[in-house]
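Peer 1: What follows is a predicted protein model with its sequence.
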Amino acid sequence: MEPMDTQSLLSDRLEAMDGEVRALVDEHVRIWNAAAVEPAAADDRYTAAEKREVEKRLTGLVDDLSVERRRLAGAGPAPPGPAEMEEAIARLRPSFMDLVHRLRLRVEDVYDAGIVEATRGFLRAARDFDPGLSIASVYQALRNVWIMNTLQRYAGLEVRLTDAVFGYSMIYPYLDNLLDGREASETEKTAAVGKLRAWLEGRPALPSCIRQEKLRALVGRIEGQFPRDRFAAVFQSMLAIHNAQVRSLGQQEGGPAASSADILRISLEKGGASVLADGYLVAGDLTPRQRAFCFGFGTFLQLADDLQDVTEDLERGHVTLFSGRAGRSTLDELVGRLRGYTSAVLAAALGRDNPAEKALAGVIARSIVLMSLEAVGLQPRFFSRKFVRLSEHGFPVRFGYLGKLRRRLGSGFAAEEKTIADLDPLTTAFMAVSSRALSLG
């Protein structure tokens, strides 16, 4: 398939936002190039006994969830009521929070009950908006909801689901999956991207399929919360991620060859602009310091995603910083640099004297470490044997157990539910309970 004519899809209505994003990309390229390469597992290690205990707790939690689901399913044909659901959640919560602490994630210092209710609200709203949405798409959108909830807490706002949080998060499954997949033609992709650009710019364009109708409705929800005449930066920030997404299409199969430096800039722009838009959609406006934090937060989430998706990106022909090097040399140095980069960004963006920001930096840094170690455990062929061995020392379970757990979850809960309409109430509730730990990972 020939690559799309990306230049024609770019928006020229970013105004000052364009220069701000370019400056942020330049600064984060500088931080990346100057970042120290941190060792595979540093000093934070798990003993064999600690790993066995975490594995025992993980297995027990999955078993307990299965038991609770069967208990509720056997209660009768009517769906369980709120009291029954709360009882089931209460039985699961202590085991889950004990496990979170064993993962050394101090989430209680960062999150409150609002994120749990926001998760429940999102799942209800998503089911009403599109009962046919796949479970995989729900997780994809929900992860962005959690990121936006984190930003609400960071900005001192109430942690809750808003129309803007819902609208922007739901755009991901409708647009990203279209662009990343091979099923749609170039014409279909171009039409969807072009229509979305028009709606973000405030121009009329008639949707020509259900996917486009959904995208238009989501933009409308954002417009309802943030009128264009008062919140121009909100829509300029979404046009910034639109342009970054369009430019990133060059990383797909058939796109023009790009140097490592170009790929780094594309990745930083795409990830940074995404969470920058999250920030504007949470607060309406951002200070320079808040912009720097949001952008930096997005960059290392993007890079961590790219690391975890190396195998899939190679299969699809997508070139990222990690897949572009995979097979030609080990990814040891890149993973170490990612950790050093994360530390440097957090040190520059969050205040050491502010207890809340210090706690947030700790949870983010720990989450990125766990994500990177998990990527090594699930894709060991891309790393040196020594790096894999040292990485396993710092991961809370054996890499062999991690693979077995993934396969069990993949053939169990996920396989039973194809769309959000099929998602059972307890799994919905468990997703809400687990949101505290999963929001950054």
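Peer 2: Arrived safely, thanks for sending.

Peer 1: can you list the weak-confidence ranges in the stretch 51-200 of the chain?
Peer 2: Within the stretch 51-200 of the chain, the set of residues satisfying pLDDT under 70 comprises 72-86, 107-112, 180-182.

Peer 1: Do a quick rundown of the helices in it.
Peer 2: Taking DSSP state H, counting those that start in this stretch to define them, one finds helices in the stretch 51-200 of the chain at 82-102, 113-129, 135-154, 163-180, 186-201.

Peer 1: List the buried residues of the shortest one.
Peer 2: Of the residues in helix 186-201, 189-193, 195-201 count as buried by neighbour count, 16 or more other Cβ atoms under 10 Å. Glycine gets a C-beta too; all of them are placed from N, C-alpha and C.

Peer 1: okay, that helix in PDB with CA atoms only?
Peer 2: These are the backbone C-alpha positions of helix 186-201, laid out as PDB (Å, rounded to 0.1, in the frame of the first residue of the first chain):
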ATOM      1  CA  GLU A 186      -5.600   4.800   2.000                       C
ATOM      2  CA  THR A 187      -8.800   6.500   0.900                       C
ATOM      3  CA  GLU A 188     -10.600   5.600   4.000                       C
ATOM      4  CA  LYS A 189      -7.800   6.700   6.300                       C
ATOM      5  CA  THR A 190      -7.400  10.000   4.400                       C
ATOM      6  CA  ALA A 191     -11.100  10.700   4.600                       C
ATOM      7  CA  ALA A 192     -11.300  10.100   8.300                       C
ATOM      8  CA  VAL A 193      -8.200  12.100   9.100                       C
ATOM      9  CA  GLY A 194      -9.400  15.000   6.900                       C
ATOM     10  CA  LYS A 195     -12.800  15.100   8.400                       C
ATOM     11  CA  LEU A 196     -11.400  15.100  11.900                       C
ATOM     12  CA  ARG A 197      -9.100  18.000  11.100                       C
ATOM     13  CA  ALA A 198     -12.100  19.900   9.800                       C
ATOM     14  CA  TRP A 199     -14.100  19.300  12.900                       C
ATOM     15  CA  LEU A 200     -11.200  20.200  15.200                       C
ATOM     16  CA  GLU A 201     -10.700  23.400  13.200                       C
END
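
Peer 1: outside of it, which residues touch it?
Peer 2: Contacts of helix 186-201 with the rest of the structure, by Cβ atoms under 8 Å, 6 or more residues apart in numbering, involve 1-5, 9, 11, 13, 171, 175, 178-179, 204-205, 207-208, 211-212, 215-216, 219, 235, 238-239, 242, 245-246.

Peer 1: quick one: the residue nearest the centre of the chain and Q379, what's the gap?
Peer 2: The C-alpha lying nearest the average C-alpha coordinate of the chain belongs to R143 (Cα atoms, centre = their mean; 4.8 Å). Separation of R143 from Q379 (Cβ to Cβ, to the nearest Å): 20 Å.

Peer 1: do the same with E223
Peer 2: The span separating E223 from Q379 equals 41 Å under the rule Cβ to Cβ.

Peer 1: Could you do I89 as well?
Peer 2: 34 Å.

Peer 1: sorry, back to before: for the buried residues of helix 186-201, which one is nearest F395?
Peer 2: Looking at those and their distance to F395, the nearest is K189, at 37.9 Å (Cβ to Cβ).

Peer 1: what's the distance between that closest one and I266?
Peer 2: K189 sits 18 Å away from I266, taking Cβ to Cβ as the criterion.

Peer 1: Same check on V100?
Peer 2: 34 Å.

Peer 1: Compare those two (neighbour count), which wins?
Peer 2: Looking at V100 and I266 with other Cβ atoms under 10 Å, you find the greater number of neighbours at I266, namely 22 against 17.

Peer 1: what does the model give the more buried one for pLDDT?
Peer 2: According to the model's per-residue confidence, I266 sits at a pLDDT of 95.

Peer 1: Secondary structure element for it, which one?
Peer 2: When elements are assigned from DSSP states H and E, I266 belongs to helix 260-283.

Peer 1: helices or strands up against the helix or strand just after that helix?
Peer 2: Beyond helix 260-283 in the direction of the C-terminus, DSSP H and E gives the next helix or strand as helix 288-308. Under the contact criterion of 3 or more Cβ pairs under 8 Å, 6 or more residues apart in numbering; DSSP states H and E, the helices and strands touching helix 288-308 comprise helix 16-34, helix 135-154, helix 260-283, helix 332-349, helix 355-378.

Peer 1: Make a markdown table from those and add distance to L390 to it.
Peer 2: Formatted as a markdown table, the entries for these read as follows, by distance: least, Cβ to Cβ, whole Å:
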| stretch | distance to L390 |
| --- | --- |
| helix 16-34 | 23 |
| helix 135-154 | 28 |
| helix 260-283 | 25 |
| helix 332-349 | 10 |
| helix 355-378 | 9 |
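
Peer 1: Just name the most buried of these.
Peer 2: For the helices and strands packed on helix 288-308, the stretch with the most neighbours on average is helix 260-283, a mean of 24; neighbours defined as mean count of other Cβ atoms under 10 Å.

Peer 1: hey, C-alpha coordinates of that helix in CSV?
Peer 2: The C-alpha coordinates for helix 260-283 follow below in CSV (Å, rounded to 0.1, in the frame of the first residue of the first chain):
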residue,chain,number,x,y,z
SER,A,260,17.0,7.8,14.1
ALA,A,261,17.0,11.5,14.9
ASP,A,262,13.9,12.1,12.9
ILE,A,263,12.2,9.1,14.4
LEU,A,264,13.0,10.4,17.9
ARG,A,265,11.5,13.8,17.1
ILE,A,266,8.4,12.2,15.7
SER,A,267,7.9,10.0,18.7
LEU,A,268,8.5,12.8,21.2
GLU,A,269,6.1,15.1,19.3
LYS,A,270,3.4,12.4,19.1
GLY,A,271,3.6,11.4,22.8
GLY,A,272,4.2,14.8,24.2
ALA,A,273,1.4,16.5,22.2
SER,A,274,-1.1,13.8,23.2
VAL,A,275,-0.7,14.4,26.9
LEU,A,276,-0.3,18.2,26.3
ALA,A,277,-3.8,18.0,24.9
ASP,A,278,-4.9,16.0,27.9
GLY,A,279,-3.8,18.8,30.1
TYR,A,280,-5.6,21.5,28.1
LEU,A,281,-8.8,19.3,28.1
VAL,A,282,-8.5,18.9,31.8
ALA,A,283,-7.8,22.6,32.8
